[in-house]
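S.K.: coords below, sequence missing:
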């Protein structure tokens with residue numbers, strides 16, 4: 001059986017890539033990072049015009065009705081250009097949560113606005129994905145939420161938040177809700193907005209249609225696949241930059257790319273990363289077409305790509321020598337992006353334990 005992309009998928013990926021080449025240049029990314037903009041309007045508007053915010057939302061709500069593999073292709077392009085725009089939570093995880101457990105009224109209220117890029121959604125599920133820390137965790141009672149949620153994805157630009165409580169229930173909270181406190185967290189990756197939410201009897205809309213726990217798992221699976229795809233794109237850009245630098249930098253009267261040691265470093269990076277492409281594609285395919293394999297494949301994609309990504313980030317930087325650590329080249333943007341991908345929604349070590357539990361090899 002041949003498994004590959006359709007012509008439409010290739011055209012979509014090319015279109016997104018060409019757009020990001022224009023709007024998400026290194027100079028633009030550097031300015032966004034310096035200002036810590038959560039949603040730079042030029043980049044966001046370019047993505048809205050391509051329909052990216054609504055790609056997983058049904059046509060009945062103004063979206064494109066595409067599948068997770070299509071979103072993975074976009075995530076790869078965003079990672080390649082370290083695009084500073086809300087995507088993983090707002091365009092992928094939130095629509096899946098609302099479609100899976102939102103009532104018809106809730107879907108009608110939020111999905112068209114997400115599809116049109118009118119609003120951005122943040123996701124507060126890290127305690128369920130990576131374990132609670134520093135007193136993290138949210139309790140729900142009588143339509144109100146209390147507690148704290150850390151490492152909220154797509155935090156700064158969010159107009160609404162999808163919040164998971166300690167029992168696995170999902171809730172929609174407006175960003176301006178009374179009793180809600182928002183604290184920006186500074187991570188190594190300044191191209192994405194991560195924050196902390198505090199809840200003091202905050203009014204929330206529970207998502208109660210269907211099985212909320214099953215929906216939460218699907219939301220988590222989708223998010224992990226997107227982070228793996230993002231790492232794939234960022235890793236390949238670092239390899240491309242390392243190869244380009246090796247062809248130009250001279251030592252001892254020769255370009256360093258002619259030295260066997262440098263050739264081996266570049267070849268090893270490519271050999272390690274390229275198999276991850278089919279893994280990400282299959283995980284995204286399984287999400288929609290083979291539900292029984294979806295969670296395990298999402299775990300494999302997240303754990304493997306983020307481990308390989310760390311190796312690629314380190315090795316590509318080493319190829320550049322001392323220049324690799326300077327701000328002049330900007331290589332650190334990709335390095336840090338890969339670093340944050342590794343930790344968000346569960347470290348490789350944690351998700352591998354989940355894989356062992358799923359397969360009956362370890363106790364929960």
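M.R.: Structure received. Keep in mind that this is a model prediction, so the values were computed, not measured.

S.K.: dihedrals phi and psi, the residue lying closest to residue 195 once chain neighbours are set aside?
M.R.: Excluding the flanking residues, the one nearest residue 195 by C-beta to C-beta, 6 or more residues apart in numbering is residue 155, at 3.3 Å. The way it works is simple: take the backbone N, C-alpha and C, and place the C-beta from them, glycine included. Main-chain torsions, residue 155, degrees, to the nearest 10: phi -80, psi -50.

S.K.: hmm, residue 36 and residue 155 touching each other?
M.R.: No: in this structure residue 155 lies outside contact range of residue 36 using C-beta atoms under 8 Å: 11.3 Å.

S.K.: list the buried residues for the host helix or strand of residue 271?
M.R.: Element membership for residue 271 (DSSP states H and E) is helix 260-273. Within helix 260-273, the residues that qualify as buried by neighbour count (16 or more other C-beta atoms under 10 Å) are 262, 265-266, 269, 272-273.

S.K.: overlap in contacts of residue 155 and residue 36?
M.R.: 184, 193 (C-beta atoms under 8 Å, 6 or more residues apart in numbering).

S.K.: from the middle of its chain, how far away would the helix or strand hosting residue 146 be?
M.R.: Residue 146 belongs to strand 144-153 when assigned by DSSP H and E. Chain-centre distance of strand 144-153: 19 Å, with C-alpha atoms, centre = their mean, to the nearest Å.

S.K.: just checking, what packs against it?
M.R.: strand 121-124, helix 126-130, strand 137-141, strand 160-164, strand 194-203 (3 or more C-beta pairs under 8 Å, 6 or more residues apart in numbering; DSSP states H and E).

S.K.: can you give me the end-to-end span of stretch 117-137?
M.R.: Using C-alpha to C-alpha, to the nearest Å, one end of stretch 117-137 lies 29 Å from the other.

S.K.: most distant residue from the centre of this structure?
M.R.: Distance from the C-alpha centroid of the chain, by C-alpha atoms, centre = their mean, peaks at residue 253 (42.9 Å).

S.K.: now it: how far from residue 245?
M.R.: Applying C-beta to C-beta, to the nearest Å, the value for residue 253 to residue 245 is 17 Å.

S.K.: ranges for the strands of the stretch 251-364 of the chain?
M.R.: Under the criterion DSSP state E, counting those that start in this stretch, the stretch 251-364 of the chain contains strands at 254-255.

S.K.: which stretches of the protein aren't confidently modelled?
M.R.: 1-2 (pLDDT under 70).

S.K.: if we use 80, what do you get?
M.R.: Along the chain, the model assigns pLDDT under 80 to residues 1-3, 132-134, 258, 364.

S.K.: next, the angle strand 160-164 makes with the top helix by length along it.
M.R.: Longest helix of the chain, by residue count under DSSP state H: helix 212-248. Angle of helix 212-248 versus strand 160-164, following axes from the mean of the first three to the mean of the last three C-alpha atoms, to 10 degrees, is 110 degrees.

S.K.: number of residues surrounding residue 293?
M.R.: As a burial measure, residue 293 scores 15 neighbours (other C-beta atoms under 10 Å).

S.K.: all helices of the chain, in order?
M.R.: Counting by DSSP H, the helices of the chain are 7-23, 26-35, 41-49, 68-80, 94-101, 104-115, 126-130, 212-248, 260-273, 275-289, 291-319, 331-343, 348-358.

S.K.: minimum distance to residue 203: which of those has it?
M.R.: Closest to residue 203 of the helices of the chain is helix 104-115 (C-beta to C-beta; 14.4 Å).

S.K.: which strands or helices does the helix holding residue 271 pack on?
M.R.: Partner elements for helix 260-273 (3+ C-beta pairs under 8 Å, 6+ apart): helix 212-248, helix 291-319.
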